[in-house]
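>>> Need a 3D model of the sequence below.
(chains A and B)
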Amino acid sequence: MEKLISEFSVGLFFWQTLLFLTLLFLLRKYAWKPTLDAVNERERSIEEALEQAEQARNELKNLKESNNALLNEAREERDVLMKEARTMKNEIINEAKNKAKEDAEKIITSAREEIKNEKNKAIEELKNQVADFSFEIAEKVIAQKLNDADKQNEMVTSALNEINFN
Amino acid sequence: MMRDKICFFLITLTLVLAPFFGGASEVNEHGADSVSLRDEIKQDILHHLQDAHDFHLFTDEETGTHVSMPLPIILLDDGLQVFMSSAFHHGESVAESNGNFYFLHHNHIYKTDAEGTLNYDDNHHITNASPLDFSITKSVFSVIVFSLILFLLFKALGDSYKNGLVARGIGKFLEPLVIFVRDEIAVPNIGKKHYRKYMSYLLTVFVFIWFINLAGLTPLGINVTGNIAVTFALAIMTFLITQLTAKGYYWKHIFWMPGVPVPMKIILAPIELLGVFIKPFALMIRLYANISAGHIVLMSLIGLLFIFNNWFARGAFLGLTLFLSIIELLVAFLQAYIFTMLTALYFGFAVEEHDEHH
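Numbers count the residues shown, from 1 in each chain, chains lettered A, B, ... in the order given. Here you go, the predicted structure:
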């Protein structure tokens, strides 16, 4: 210890302190500050770039997911639409069928009625004609009655032959 | 990749081999008997551990010439006395400056008369006055040179971000050091909230100690962090920054420890207060002792290479020296790491907030 104190050189201590402080301030200005600034800035920019990449990756993932969701939605909607269309088609067809059936029935009914009416009309006409013919024959029979019995028969037969039931 | 590996290998090899040549140049050319050789090695080691007033490279024993670089001497004595250390002629002659005479004895400058007479007391201590010595010594010179190198290297790193956020050139090699200090030292010990304001100090302390430790392993034979004044200067800065940036909870923790009974609070307060000073003191001693010990061990082993006249022993000590040199490379880093880590830990205590505690 005594040797250490006797060895202690004030001059060396003075110069060491002075030179070291000079070196400290020079290096701080010209070396440490630019170096630490650059290194920190570099690390910050790397961190930022990584974060951005991660963000972009997430965004891409989200985009893909939303795309898929959209696609699925569209697909479902299409299915629903198709189903609806199919039901509607069936409904329309059935309706049309029913309507056609009804129409046909209506036509048939009206046709039947008309036929019936025509038939009745024809029968009426026939009746009237038969009555007319009967009167004609009766006239002719009455006209020849006085002449001959044979001739009466003959006349009735010919009259009957003349009647055409058309 | 391959080129990097080769570069790394060459650097490592240079650093590993460095202490050899560094040591060898100081203990070479001794053919005398082993006792005086042993003393010489001892003197060399002691000499190496001390700071010096010139940058000594080697000595030619046969001609007695020292090859060294003179450094400026600055003394605070009757005003400022400035002259070159070459005036001392390696402690062999008296230097004169403005009518004052100085003599260099064991790396210490004493004020003397014109003949350089040293007066001793009964305990064989020199009684001459010694002026306040602010000389650019070998350690100060090394600190200047390595601070300059550090500044240029790390300025290149700072400048390399001018064209974007990626380091270029030498910055690619230096940037991991900055990130290491931030992620392994500052953030875990101080916390994400407060670490930024301490980063400049932590980084500077870390690279300064590491580089100056590594410089101590080169053939230049410098020993900066093995000087108590240097480690004291570093530790006191840690101490001051800790106390000056400390928040309320730090002081409460020292003087009125929360969560313990009142008598314990009273007993703990002086202990905690003592701890405030012991922590930086331990920082100072740890760095000083580790680096000094490393230098002593390496130089002793190199010295043993010259003491043994046996090729087997020399081979064994060569291997051991090589091994310890690698260990010292690790220690150079480890001590820088520990100093910075503990500094960050103390800063962490200073800014600790109540909810983070226990």
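
>>> Determine whether the claim that B:V82 is in a helix is correct.
No - judged by DSSP: H, G, I helix; E, B strand; the rest coil, B:V82 forms no part of a helix; its state is strand.

>>> Give me the pLDDT for the residue nearest to it when sequence neighbours are not counted.
The spatial neighbour of B:V82 that comes closest, neighbours along the chain excluded (CB to CB, 6 or more residues apart in numbering or on different chains), is B:I74 at 5.3 Å. To be clear about C-beta, it is placed using only N, CA and C from the backbone, and glycine gets the same treatment. Per-residue pLDDT puts B:I74 at 89.

>>> From B:Q81, how far out is B:I74?
According to CB to CB, to the nearest Å, B:I74 and B:Q81 sit 7 Å apart.

>>> returning to what we had before: tell me the secondary structure for the residue nearest to B:V82?
Per three-state DSSP, B:I74 ends up strand.

>>> so how many other residues sit close to it?
If you count neighbours by other CB atoms under 10 Å in any protein chain shown, B:I74 ends up with 19.

>>> where exactly do the helices run in chain B?
Applying DSSP state H to chain B gives helices spanning B:2-27, B:34-49, B:138-159, B:171-180, B:187-190, B:199-215, B:228-245, B:248-255, B:262-307, B:311-351.

>>> Could you say which of those helices is packed most deeply?
Mean neighbour count (mean count of other CB atoms under 10 Å in any protein chain shown) peaks for helix B:199-215 among these, with a mean of 23.

>>> Name the nearest residue to B:L177, ignoring sequence neighbours.
Among residues not flanking B:L177 along the chain, B:V207 sits closest, at 6.7 Å (CB to CB, 6+ apart).

>>> could you point out which element follows the helix or strand containing A:D79?
Per DSSP states H and E: A:D79 is located in helix A:33-144. Sequence order places helix A:149-162 as the next helix or strand after helix A:33-144, per DSSP H and E.

>>> Got the confidence number for the spatially most central residue of chain B?
Centroid check for chain B by CA atoms, centre = their mean gives B:T225 as the closest residue, at 0.9 Å. For B:T225, the model assigns a pLDDT of 92.

>>> what's it in contact with, if anything?
Counting by CB atoms under 8 Å, 6 or more residues apart in numbering or on different chains, B:T225 touches B:209, B:212-213, B:216, B:231, B:287-288, B:291, B:335.

>>> Backbone dihedrals for it, please?
phi -70, psi -10 (degrees, to the nearest 10).

>>> Which residue, other than its chain neighbours, is closest to it?
Using CB to CB, 6+ apart, the nearest residue to B:T225 is B:I291, at 4.5 Å.

>>> same thing with B:G171?
B:S160 is the one closest to B:G171 (CB to CB, 6+ apart), at 3.7 Å.

>>> again with B:D78
B:N100 (6.2 Å).

>>> for chain A, what are the nearby residues on the stretch 151-300 of chain B?
B:151, B:154-155, B:157-159, B:161-162, B:165-167, B:175, B:178-179, B:182, B:196, B:199-201, B:203-204, B:208, B:227-230, B:232-234, B:236-237 (CB under 8 Å from any CB of the partner chain).

>>> Which positions in chain A make contact with chain B?
A:4, A:7-17, A:19-24, A:26-28, A:30-39, A:41-42, A:45.

>>> Show the buried residues in those.
Neighbour-count burial (16 or more other CB atoms under 10 Å in any protein chain shown) applied to those gives A:7, A:9, A:11-17, A:19-20, A:23-24, A:26-28, A:30-32, A:34-36, A:38-39.

>>> Of these, which belong to helices?
Members of those lying in helices (criterion: DSSP H): A:7, A:11-17, A:19-20, A:23-24, A:26-27, A:34-36, A:38-39.

>>> and the residue lying closest to B:T127 once chain neighbours are set aside, what does it touch?
Nearest non-adjacent residue to B:T127, counting by CB to CB, 6+ apart: B:N119, 4.7 Å away. Residues in contact with B:N119, defined by CB under 8 Å, 6+ apart, are B:126-128.

>>> Let me know the closest of those residues to chain A.
B:I126 (11.6 Å; CB to the nearest CB).

>>> hang on, that closest one packs against B:L104?
No - counting by CB atoms under 8 Å, B:I126 sits too far from B:L104 to count as a contact (12.0 Å).
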